[in-house]
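1. dropping a prediction and its sequence here:
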Number of protein chains: 2
Amino acid sequence: MIQRVNDTVTELFVLREGRVMSFVILPDGSRQILRVYFPGDFIGSASTIYSKAPESLVALSDAVVCPFDKHALRRLLEEYPRVAALLFLLSNAERVSMTDRLAALGRTSAKARVASFLLDMFDRLRITDDSITDSFDLKLTQEEIGDSIGLTSVHVNRMIRQMEQEALISRSNGRITLLDLARLEEIGHYTNRHKDMDLDWLPVG
Amino acid sequence: MIQRVNDTVTELFVLREGRVMSFVILPDGSRQILRVYFPGDFIGSASTIYSKAPESLVALSDAVVCPFDKHALRRLLEEYPRVAALLFLLSNAERVSMTDRLAALGRTSAKARVASFLLDMFDRLRITDDSITDSFDLKLTQEEIGDSIGLTSVHVNRMIRQMEQEALISRSNGRITLLDLARLEEIGHYTNRHKDMDLDWLPVG
DNA sequence: TTGGGGCGTTTTGCCATCGTAACGACAACA
DNA sequence: TGTTGTCGTTACGATGGCAAAACGCCCCAA
């Protein structure tokens, strides 16, 4: 557990190794996972505006994070405009990815959500891990998947087994292989946001 | 219509008057409204990273927007670190507000979503309009509300009438009055994110 | 003044999707 | 051997979607 809701926060993190997730717990005990973070991700920008954390952070596995003080941001922004711009972009990229999931939760079926979730995890992992071609180790329980996309673990299981039967994916001891990317993208109404970014206008240095 | 999905974008906007919404249309024709913007809001930051717009923008009423070129951001960030920091924060604030809605769509009932949606609109409108005490003019159709929180207009109607019967809200010609804020907040699991921001660490000037 | 037409709201009946609860199988671990 | 956690599976039922129609209201034209 890295951070709890309502903790006073003075630090942000960069994730070096492992996996971390951010989430909230609702009064009835149910959990909504807001985002799963992979190595290289910048964590906790939500707390830049609030002195009390609006979301909790826990490591999903052994993880290494580099904390740095929130007040150090100030000097960073003052002295390195390019870094400031990059942080701004990163935050916007996360915002867009969040709107995709919002649309998924609001307007698509359980199957579409599972498909797009798997594709998104797949594409994000591939950014930093070239060894991934079509199969990957999600390291999430079906309950965690459900809490990410607004389903129960039971229904996630239904969908996964169904997609396995239809030869869209296959599994062996926790490892998932995406067998038919084209159909998965169609089912999940998925668009890859992790390419085609436009960074030309950034300040240099 | 200010901007369409996949339009090439070179401009961002500040909303001066009126209301604007951002949304996406899914392949099956259904719509997910991503955010409703009010005067003073900064619009289109999603397109800072993408050369093609990931979302559409339309005015919900007559509106006045101030466009400025995306490339002007560069100079802004280089010369005014405080502005850069504020943009960064704004973006993070929007991100947090989006996570709240994500949790609502993923894990709460239709009634809770309507309640929290109304409260959020209420609190956001009050930031810039001091004349609002307990009633406000939403200027959204029930279908638009539904498309914001992942419900059909029919079901939004059911919930609104139910809440009216329970004396939680009342309506007269499009104007909504929140009669019992405390219970609405409880039903909607709502926390006001528009106060208690921590801006102390910002660069000056 | 009357009679459309359009838009948003209200209402209804039906039913699919998805949640709830519960239990068994299995593996990892103490 | 008990314990704990994850996955698999089922029966049942509620939430909320879908389709369709009527209603109220405003605007406009005849």
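-> Arrived safely, thanks for sending. Residues are numbered from 1 along each chain as shown, chains lettered A, B, ... in the order given.
2. what residues sit buried inside the helix ranked longest in chain A?
-> When secondary structure is assigned using DSSP state H, the longest helix within chain A turns out to be helix A:81-107. Neighbour counts over helix A:81-107 (16 or more other C-beta atoms under 10 Å in any protein chain shown) mark A:81, A:83-85, A:87-107 as buried. C-beta coordinates here come from the backbone N, C-alpha and C atoms, glycine included.
3. residues from chain A in reach of DNA strand C?
-> Within chain A, the residues that sit near DNA strand C (C-beta under 7 Å from any atom of the strand) are A:109, A:110, A:111, A:150, A:151, A:152, A:154, A:155.
4. of all those, which comes closest to residue B:63?
-> Nearest to residue B:63 out of the residues of chain A next to DNA strand C is residue A:150 (C-beta to C-beta; 32.3 Å).
5. can you show me the CA trace of stretch A:68-78 as PDB?
-> What follows is the C-alpha trace of stretch A:68-78 in PDB, where atoms were taken according to Å, rounded to 0.1, in the frame of the first residue of the first chain:
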ATOM      1  CA  PHE A  68       9.900  12.800  -5.300                       C
ATOM      2  CA  ASP A  69       8.600  15.700  -3.400                       C
ATOM      3  CA  LYS A  70       5.600  17.600  -4.800                       C
ATOM      4  CA  HIS A  71       7.300  20.900  -4.100                       C
ATOM      5  CA  ALA A  72      10.200  19.800  -6.300                       C
ATOM      6  CA  LEU A  73       7.800  20.100  -9.200                       C
ATOM      7  CA  ARG A  74       7.900  23.800  -8.800                       C
ATOM      8  CA  ARG A  75      11.600  24.100  -9.700                       C
ATOM      9  CA  LEU A  76      11.200  21.500 -12.400                       C
ATOM     10  CA  LEU A  77       8.500  23.500 -14.100                       C
ATOM     11  CA  GLU A  78      10.400  26.800 -13.700                       C
END
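6. so how far is it off the chain centroid?
-> 24 Å (C-alpha atoms, centre = their mean, to the nearest Å).
7. show me what counts as buried in that stretch.
-> Neighbour counts over stretch A:68-78 (16+ other C-beta under 10 Å) mark A:70, A:73, A:74, A:76, A:77, A:78 as buried.
8. dump those to TSV, plus distance to chain B, pLDDT and secondary structure.
-> What follows is the buried residues of stretch A:68-78, written out as TSV (distance: C-beta to the nearest C-beta, whole Å; pLDDT from 0 to 100; DSSP: H, G, I helix; E, B strand; the rest coil):
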residue	distance to chain B	pLDDT	secondary structure
A:70	6	85	coil
A:73	7	85	helix
A:74	5	84	helix
A:76	9	85	helix
A:77	5	83	helix
A:78	4	84	helix
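9. reformat the residues you listed as JSON lines; add distance to DNA strand D.
-> Shown next, in JSON lines, are the buried residues of stretch A:68-78 (distance: C-beta to the nearest atom of the strand, whole Å):
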{"residue": "A:70", "distance to DNA strand D": "32"}
{"residue": "A:73", "distance to DNA strand D": "35"}
{"residue": "A:74", "distance to DNA strand D": "40"}
{"residue": "A:76", "distance to DNA strand D": "37"}
{"residue": "A:77", "distance to DNA strand D": "39"}
{"residue": "A:78", "distance to DNA strand D": "44"}
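10. hmm, back to that, which among the residues of chain A next to DNA strand C end up buried?
-> If you count burial by 16+ other C-beta under 10 Å, the buried members of the residues of chain A next to DNA strand C come out as A:110, A:111, A:150, A:151, A:155.
11. could you check the angle helix B:81-107 makes with the helix or strand bottoming out on mean pLDDT in chain A?
-> Across the helices and strands of chain A, mean confidence by mean pLDDT, DSSP states H and E is lowest for helix A:72-79: a mean of 85. For the pair helix A:72-79 and helix B:81-107, the angle between their directions (axes from the mean of the first three to the mean of the last three C-alpha atoms, to 10 degrees) equals 130 degrees.
12. which strands or helices does helix A:72-79 pack on?
-> In terms of contact count using 3 or more C-beta pairs under 8 Å, 6 or more residues apart in numbering or on different chains; DSSP states H and E, helix A:72-79 is assigned the packing partners helix A:81-107, helix B:81-107.
13. just to revisit the earlier point, determine which two of the residues of chain A next to DNA strand C are furthest apart.
-> With distance counted by C-beta to C-beta, no two of the residues of chain A next to DNA strand C lie farther apart than A:109 and A:154, which are 15.6 Å apart.
14. in chain A, which spans are helices?
-> Secondary structure of chain A, counting by DSSP H: helices at A:72-79, A:81-107, A:110-128, A:142-149, A:153-165, A:181-188.
15. hang on, the earlier thing: now the helices and strands packed on helix A:72-79 in a markdown table, please, with extra columns for distance to residue A:37 and mean pLDDT.
-> Written out in a markdown table, the entries for the helices and strands packed on helix A:72-79 read as follows (distance: least, C-beta to C-beta, whole Å; pLDDT from 0 to 100):
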| stretch | distance to residue A:37 | mean pLDDT |
| --- | --- | --- |
| helix A:81-107 | 10 | 92 |
| helix B:81-107 | 14 | 92 |
